[in-house]
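K.L.:
all I have is the shape, not the residue letters:
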């Protein structure tokens, strides 16, 4: 039995997604997102989010995040994000590249989340130095967070409200947005536009697609041209975009995305239970979505590896490891993992 | 009957390519090109090209071209290319973006091709001004060209030799590389590394794939780290890269790529014949590959459109139109086009 | 006798300018352009130009030009300029650097000048390709031109009007602006804001200062913050800016700038006369300001060099040379040059 | 009596520096640093530092720092510096601009200094993530530091040695280098090339010049072309560079630079004494050079201001203020400050 809990992005695509690719693969279709599938995205996502939504299909989350941030941040502007943020630590400097040298400012906070006050304090400390320092221009919230936790609607709202007071734009990195919505059992609008989020990197690749993300703009925004220019200029305007758009349409059709995320979350919860009850291992962060961070002895992790379990030991920390559960993690695989843990 | 001759990038994917995607869609695979499909690329292309070849799978040609050029050109360097080049006119400034403000220098030449002497003259005219001007750093040859013509091996070789004398790197934009090889009926090495080409953007999307290109480096090059950094930094390192690599492997397997290009070329040749024999319409350029540029009266083009034929009228030229043939253009479609032309 | 006609930027500073430095060199002054000299610039130039003018002192023309263009051009925007333009050929890619990869588009035209129609035709030819091509964003006119000619007010106005119709911003590279105003004997407003120029790189270094240029914005513009951010970010916000501002104030005081340019122009006219009357040498361009381009035999130029005359032979042209006259060119030097020419 | 202790960059130029300008202001001189003054820089500084030194005159420290760092750091590289570093907090993002999106990594440490171990720990924590994270490429040490302290030769050496082990380049921001050398009473080579520093931003503007800095490269370095390209491309290659070079030559002639720094340091030491002996005020950092950071009550600082003393209250800290002493601070001014403190 394959016991791979390294990352949800190592999973294959869901059958329904592949079927959508096949259905889209008939006849000619105009290139560069002028095809019928891409044309349906705005309506489909507007309905899903219950507000006017503009959609840019893009094939990676790194590109979606970077285009969003560069669209609202001048080269001399800064973007506030959590110290653990993917945009800060895992995107090879893409935000700085797309943003022509913008700066990311890390905000500390427990459980992989920061508060409105944490951000506000830092923004204020950087004020008053004019052209000599960066201009606070945007905030980016990862939902669910890089630590597997989820921001509640009021937490997101408080951050967005502070951002509004500082005239900062608001972005959500939703690489695992489905897991957050499934975890909160809320409407997707409740943690985005209804509480002040203006742009969302809506992830799908990690949750059952092959390579499909969408950059969403809510309401009137005026950023369409900038975003489209950035997408083209970075080589992300696929000629056969229909194949990305078809994935996205199938992904949000009939709640598929939430069903898939729901399974991932349930498997993570089951494992989190096992860790909580373990005599030596413990949870590093609260478990809200589909990632479980386990603190344990190096020897413990070695025994797991010997049992054939794949997972990531955290860089620079031999006492910390991450286990990720996906839409296609089978209950039997989770049970086998739990058994290996307690063996 | 669908009569779409707008562009080969409007065609669907070939059945064998889609089948390869499905075969790759089983079980977990390490992310970020650390999967078994990606691991086979170097060997597969080294065999195809009959020399040591390093392969970076990338999902668009714009990104492949830009990464290649930025890897060998400093921000104060210039890249010489034909005045009609895609990198100059159709990539939204991607080379300048990836290259941090490098400059593209257009070289004129008939039939969409430039000669070694054309380039050499321009390079020499830009010499001697030191830090005040750009440093000639690379040349990019489009094969087959944007005008549907093909460079012969000796023509490519002469350009590369002049480039070598000026210490300029050599790149080939092979968005329609298959059509060129099929046209010349040569070994793919004969128009690349054997005559001095160091980097090739090996296109596959236009010729039957969904979204798959490969940036190839021939021989010992030392550019791997730069290229990989640029791919990551631009958001082109797909997490599920196996799906790009699987397309590429299927594409070059058992000569599929050349069979597909061969059909496109044959259909184009058939239509070129019809144009040549037409009393009013004429060929703007020689027809070597799968694109046919037709000079005709605006009224003539209108009649074609009325007959349901789709094609591109050239921007700023109402007497010029482009017709592109693809791997899946059926003979009956070509015949219908010819009939509409002569009607 | 020193016979240096290589460039006006090889001349020393005028006594009045050096005296102004000394006068500014007393006591402390707040840094970063918050000093009393810098504070007087807006008023002094508003009076000179007879309209509300915002002034950014900067120490080089390359920086002034680049900041101006980057302030109005997005990275995917293009700037139209003459094929001979300094920004295109002599600034080492500074506009591309400051503009994060913007593109310069050369416009051809005789006598170093282009017309409104020349530009318009090119802009239209680049239209209609959306995100795939650059967006025409600005035009830059060099006054006096790199060929020593001067645009008349109506010529500048026609270009600016076409630019307005295309929503393009208008910039004047006035490295030798004083020579143009002296040549036309017009009000400085007549060739700038009154005919549609929005930004002027007001040169002073070539005409008697040590290192002093000013970027001027006319009227309401909203570009102040962008320009100031760019100046700081590029390291051009001098801490002791008072010394640049003091030069500028002295330069425009009591018509000094026009008197100095007037002398340069007169010496050039004298030499142009001599060339016109020469049996073999001839003028390459009309002579309106302080530069004279001479077409002659290589042997002729060699004899001049042997006579101790310094001048620039044009790169790639052994039959063309440039002679530049400055504020401090003495009549006796010009006469000596003329004698050497006719010897 | 003027009691301005806001910053040494608010001081006028020293008489000897202005005299040097006047002496350089005779006759023509080739432009763009091809003049006799600039030609003497390499020899003059090689003698001063007792090793082969290449000198780029530049008019601001921000530009010198940014050019140095961009010359050794790829866009995906990171530069380690103290959390208080000028390059991090006060240069408007110039390093990110010149470095095309490189990243600065703050290192914490007391008294405005970090240790080799502090840096090493951080570098190691960022290892092992390949293209997903930045590559540690350089370290920048400010000497004297932004807190008015000075690194001892062994401290600089230890940092450079760790940098060497990580293949990181070494840079010193010497905006107040003279104050450091005067403080340590050492040879300038002892805190630079002899202990592993490869590049030095040699500051002069703050210590008696008008606008003159020099970027020094020690020994064989191979960075000349990159640095010169960056200087040109950023608009920092002054046409009349002789006036910057003449300042630099006068500055280091006959120990003038150290005499001037010596006075600044002595005045600072006198004031530090007064603060140390004060009942309420205290020193925030050790005082090694010409800056004194005082912790006191807001009311205390207000009284000082009422007494006509000018100084900077630290942004975000109403209990901290900085007092800077310059080459021309007169003993009577320092005494007046001390009296105001104790009044």
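P.N.:
Yep, it's here. Just so it is clear, the structure is predicted and the values come from calculations on it, not from any experiment.
K.L.:
and the longest strand anywhere in chain A with chain B, contact?
P.N.:
Longest strand of chain A, by residue count under DSSP state E: strand A:135-142. No: residues of strand A:135-142 are not located near chain B by CB under 8 Å from any CB of the partner chain, the shortest gap being 15.1 Å. (Glycine included, C-beta is placed from N, CA and C.)
K.L.:
now swap in stretch A:104-111 and tell me
P.N.:
No: using CB under 8 Å from any CB, stretch A:104-111 stays clear of chain B, with a minimum separation of 13.9 Å.
K.L.:
next, the distance between the ends of that stretch.
P.N.:
The first and final residues of stretch A:104-111 sit 20 Å from each other (CA to CA, to the nearest Å).
K.L.:
related to what we said a few turns ago, which strands or helices does the next helix or strand after the longest strand of chain A pack on?
P.N.:
Next along the chain after strand A:135-142, taking DSSP states H and E as the criterion, comes helix A:153-165. Helix A:153-165 sits against helix A:116-125, strand A:135-142, strand A:169-174, with contacts defined as 3 or more CB pairs under 8 Å, 6 or more residues apart in numbering or on different chains; DSSP states H and E.
K.L.:
just say which of those is most tucked in.
P.N.:
With neighbours defined as mean count of other CB atoms under 10 Å in any protein chain shown, the helices and strands packed on helix A:153-165 peak in mean count at strand A:169-174, which reaches a mean of 27.
K.L.:
quick one: mean pLDDT for that strand?
P.N.:
Averaging pLDDT along strand A:169-174 yields 98.
K.L.:
what's the average pLDDT for the following helix or strand past that strand?
P.N.:
Going down the chain from strand A:169-174, the next helix or strand is helix A:177-184, by DSSP H and E. Per-residue pLDDT over helix A:177-184 has a mean of 98.
K.L.:
how distant is helix A:177-184 from the center of its chain?
P.N.:
Centroid displacement of helix A:177-184 relative to its chain, using CA atoms, centre = their mean, to the nearest Å, is 10 Å.
K.L.:
which neighbours does whichever helix or strand comes after it have in its sheet, and in what orientation?
P.N.:
Downstream of helix A:177-184, the next assigned helix or strand under DSSP H and E is strand A:199-203. Here strand A:199-203 is paired, per DSSP bridges, with strand A:169-174 (parallel), strand A:213-218 (antiparallel).
K.L.:
can you list contacts of the last one?
P.N.:
What that stands for is strand A:213-218. A:41, A:45, A:49, A:51-61, A:63-64, A:67-68, A:175, A:192-193, A:197-205, A:223-224, A:227, A:248 (CB atoms under 8 Å, 6 or more residues apart in numbering or on different chains).
K.L.:
so which of the strands paired with strand A:199-203 is nearest residue D:301?
P.N.:
Smallest distance to residue D:301 across the strands paired with strand A:199-203 (CB to CB): 37.0 Å, for strand A:169-174.
K.L.:
residue contacts, residue A:77?
P.N.:
Neighbours of residue A:77 in contact, by CB under 8 Å, 6+ apart: A:99, A:102-103, A:134-138.
K.L.:
wait, what's in contact with the nearest residue to residue A:310 once chain neighbours are set aside?
P.N.:
Counting by CB to CB, 6 or more residues apart in numbering or on different chains, residue A:310 lies nearest to residue A:4, which is 4.5 Å off, once chain neighbours are set aside. By CB under 8 Å, 6+ apart, the contact list for residue A:4 reads A:10, A:310, B:28.
K.L.:
give me the neighbour count for the first one.
P.N.:
By other CB atoms under 10 Å in any protein chain shown, the residues close to residue A:10 number 23.
K.L.:
show residues contacting the longest strand of chain A.
P.N.:
The contact list for strand A:135-142, computed with CB under 8 Å, 6+ apart, reads A:65, A:69, A:72-74, A:76-82, A:85-87, A:102, A:105, A:112, A:119, A:123, A:126-127, A:151, A:156, A:159-160, A:163, A:166, A:168-175, A:197, C:229.
K.L.:
so how do I select the buried members of these in ChimeraX?
P.N.:
Filtering the contacts of strand A:135-142 down to the buried ones (16 or more other CB atoms under 10 Å in any protein chain shown) takes a single ChimeraX command:
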select /A:65,69,72,73,74,76,77,78,79,80,81,82,85,86,87,102,105,112,119,123,126,151,156,159,160,163,166,168,169,170,171,172,173,174,175,197 /C:229
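K.L.:
touching the helix ranked longest in chain A from outside, list them.
P.N.:
Scanning chain A for the helix with the most residues, using DSSP state H, yields helix A:256-276. For helix A:256-276, the external contacting residues (CB under 8 Å, 6+ apart) are A:8, A:14, A:16, A:148, A:176, A:178-179, A:181-183, A:204, A:207-208, A:250-251, A:281-283, A:287, A:289-292, A:294, A:323-329, A:331, A:333-335, A:337-338, A:341-342.
K.L.:
restricted to helices, list the residues you listed.
P.N.:
With helices taken from DSSP H, the overlap with those comprises A:16, A:178-179, A:181-183, A:250-251, A:331, A:333-335, A:337-338, A:341-342.
K.L.:
between all of those, which two are separated the most?
P.N.:
Of all pairs in these, the most separated under CB to CB is A:250 and A:342 at 38.7 Å.
K.L.:
who's more crowded, those two?
P.N.:
residue A:250 (25 against 12).
K.L.:
which residue is the nearest non-sequential neighbour of the more buried one?
P.N.:
Leaving aside its chain neighbours, residue A:250 sits nearest to residue A:20 (3.5 Å; criterion: CB to CB, 6+ apart).
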